[in-house]
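# give me a model of this one.
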Amino acid sequence: MINEIVLGIFLLIAAVCDIKTKRLPFMLLAAWISAGVLLCLFLRPASMSDEFMGVLTGMVFIAVSIVSDGKLGLGDGAAILAIGIYLGGISAGFTCCMRSSSQPRSQ
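Prediction:
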């Protein structure tokens, strides 16, 4: 339950930052990922393999961002990595599907 609350707070802050600046601040992502790692270490809401699959999902998105010269934002990949830490692989995979089906941003 606490994982979902913390994740919701970070997603709300990230959404506001993204809407205003079209960027996700590095310090927000670092705090988000750090808090997720600490919560997972102490609360163990999911199995380690599920958490690893969540991180792997985010790493794939980061790799796609690098290979595509930023067509998919690096911050988006880092956000999916953080979501994977909080929710695990299956939920992060669902989030990726939702993200990939959304409309691209106007440049």
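# ranges for the helices of the protein?
Here the chain has its helices, by DSSP state H, at 2-21, 26-43, 48-67, 74-87, 89-100.
# now residue 63. Nearest residue, chain neighbours left out?
Using C-beta to C-beta, 6 or more residues apart in numbering and skipping residues adjacent in sequence, the residue nearest residue 63 is residue 77, 7.8 Å away. For glycine as for every other residue, the C-beta is placed from the backbone atoms N, C-alpha and C.
# neighbours of that neighbour, how many?
22 (other C-beta atoms under 10 Å).
# picking up where we left off before, make JSON lines from the helices of the chain and add mean pLDDT to it.
As requested, the helices of the chain are arranged in JSON lines below (pLDDT from 0 to 100):
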{"stretch": "helix 2-21", "mean pLDDT": "87"}
{"stretch": "helix 26-43", "mean pLDDT": "83"}
{"stretch": "helix 48-67", "mean pLDDT": "84"}
{"stretch": "helix 74-87", "mean pLDDT": "82"}
{"stretch": "helix 89-100", "mean pLDDT": "57"}
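# need the winner for burial among those.
helix 74-87 (a mean of 23; mean count of other C-beta atoms under 10 Å).
# what's the angle from it to helix 2-21?
Helix 74-87 and helix 2-21 are oriented at 170 degrees to each other (axes from the mean of the first three to the mean of the last three C-alpha atoms, to 10 degrees).
# ok, the residue nearest to residue 63 touching residue 67?
No. With contact defined as C-beta atoms under 8 Å, residue 77 and residue 67 do not form a contacting pair (11.1 Å).
# that older thread, measure the residue nearest to residue 63 to residue 6 for me?
Per C-beta to C-beta, to the nearest Å, residue 77 is found 20 Å from residue 6.
# what sits against residue 32?
10, 14, 79, 82 (C-beta atoms under 8 Å, 6 or more residues apart in numbering).
# how far away is the nearest residue to the first one once chain neighbours are set aside from residue 11?
Pointing back at residue 10 there. Of all residues not flanking residue 10 in the chain, residue 32 sits nearest, at 4.6 Å (C-beta to C-beta, 6+ apart). From residue 32 across to residue 11, the span is 9 Å (C-beta to C-beta).
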